[in-house]
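Student: Need a 3D model of the sequence below.
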Amino acid sequence: MISFCDHSEGIVELTLTQLRMFIAVAEAGSLRAAARRLSIAQSGVTQQLRKLETNVGGPLFERDVRGVRLTPIGERLRVRADLIIGECEKTEAEMRQLRGELVGSVSLGLAAEATMRLFPALLASFRERCPRIDVHLTSATSRVLTSWVREGSLDFALASIATDADLHDMETTRLFDADVAVMARRGHPLAGARTLAELRDAEWVSTRHKTQRSNRLAAMFEQAGLPPPRIAATTEAVFDTLHCIAASDYLALEPASLADHAFFRDHIVVAPVAERAAGAPVCLLRRAGVPLTPAAQELATMAVSFARMLPAAKHATPRTV
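Tutor: Predicted coordinates for the structure are as follows:
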């Protein structure tokens, strides 16, 4: 049972059973479908939801002929319920792992360069050691990965860290340094540009919002005394960016090693621009003061070991256009 204080009404008590039924209804879209999923009578689901709505002080669902949808109160509770149930499941798995049962799952966030340089060999080795542990991989920008680690939806992440990133509540372990470069499609009329000034009228696709202080592209233009770059679109995944520039005249500033990725090396080249953007270290991020499960700790320890064996990243070398 979970209790919290409502200063006007006293103590509000929620049970895990109520939260699990609430999530099931939200996912299934109807009480009947949720009852089938949970293998219980629909009346049992209805009863628990009524108790839950009484406890939280308002309706959680709006009902119509198509089923149910969350109210504003329900939407807020859904976020909290997912976190609570997720932490309970992690705790159950952790207790089993501490008893020597190597079962459960690890949720790992990866920035693009960590995916390419580290993850395939790391996963193969981890699966040999822990074949019954499921590994769930999430790719996104480092900013997004950091927020997901902070809220607990990821056990840890391998992400590039900007110099002004707020990591006061994180533990970080430096893995390797990432070099970035200007990238263009092969045959792009500006792919041979040697100065940033030649690219002042180009349009860019960026994996960071153009108003972020940590946007390395904007900082590079500012340091060169140029107007801000023209951002055509932003994405939440580097590989989305690379797909976009490979088929258009947009440019991007991304980890240099990705130009050699098997999916892109025949379509993308590194422009020989003299100005260089500041690199960023790729680090292992985890919540400070929150222990990892034994399985997650094993994978994190292996990630650090594998990173130490990586060859140093080479500076971006322009390739023939």
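Student: For the protein, which segments count as strands?
Tutor: In the chain, the strands defined using DSSP state E lie at 2-6, 10-14, 61-64, 67-70, 104-110, 133-139, 156-160, 170-178, 180-185, 203-206, 230-234, 252-255, 268-270, 280-287.
Student: Which one, of the ones you listed, ends up nearest to residue 32?
Tutor: Set against residue 32 and scored by Cβ to Cβ, the strands of the chain come closest in strand 67-70, at 8.8 Å. For every residue, glycine as well, the C-beta is placed using N, CA and C.
Student: Partner strands of that closest one and their direction?
Tutor: Next to strand 67-70 in the sheet, as set by DSSP bridges, lie strand 61-64 (antiparallel).
Student: Provide the contact partners of the strand it pairs with at residue level.
Tutor: Identification of contacts with strand 61-64 by Cβ atoms under 8 Å, 6 or more residues apart in numbering yields 25, 26, 49, 68, 69, 70, 71, 74.
Student: Low-confidence stretches in the chain?
Tutor: Scanning the chain for pLDDT under 70 picks out the ranges 1-12, 97-103, 208-214, 312-321.
Student: try it again with 50
Tutor: Within the chain, the stretches with pLDDT under 50 are 3-8, 10-11, 210-214, 314-321.
Student: For the longest helix anywhere in it, enumerate the helices and strands it packs against.
Tutor: If you go by DSSP state H, the chain has its longest helix at helix 72-98. Using 3 or more Cβ pairs under 8 Å, 6 or more residues apart in numbering; DSSP states H and E as the contact test, the elements touching helix 72-98 are helix 16-28, strand 104-110, helix 294-308.
Student: who's in contact with the longest one?
Tutor: Outside helix 294-308, the residues within contact range by Cβ under 8 Å, 6+ apart are 93-94, 97-98, 102, 104-106, 108, 118, 121-122, 125-126, 129-130, 133, 135, 155-156, 158, 173, 175-176, 282, 284, 286, 291-292.
Student: gap between it and the chain center?
Tutor: Distance of helix 294-308 from the chain centroid (Cα atoms, centre = their mean, to the nearest Å) equals 18 Å.
Student: Can you mark which positions in stretch 267-276 are buried?
Tutor: Within stretch 267-276, the residues that count as buried by 16 or more other Cβ atoms under 10 Å are 267, 268, 269, 270, 271, 272, 273.
Student: In this structure residue 201 contacts residue 230, no?
Tutor: Yes. Proximity of residue 201 to residue 230 meets the contact threshold set by Cβ atoms under 8 Å, at 7.4 Å.
Student: When the two are compared, which one has more neighbours?
Tutor: Neighbour totals were compared for residue 201 and residue 230, and residue 230 leads with 15 against 10 (other Cβ atoms under 10 Å).
Student: And for that one, nearest residue in space, chain neighbours not counted?
Tutor: residue 203 (4.8 Å; Cβ to Cβ, 6 or more residues apart in numbering).
Student: hmm, back to that, Throw the contacts of strand 61-64 into CSV and include distance to residue 85 and neighbour count, thanks.
Tutor: Formatted as CSV, these follow (distance: Cβ to Cβ, whole Å; neighbours: other Cβ atoms under 10 Å):
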residue, distance to residue 85, neighbour count
25, 14, 27
26, 12, 20
49, 16, 20
68, 19, 20
69, 20, 13
70, 16, 17
71, 20, 15
74, 15, 22
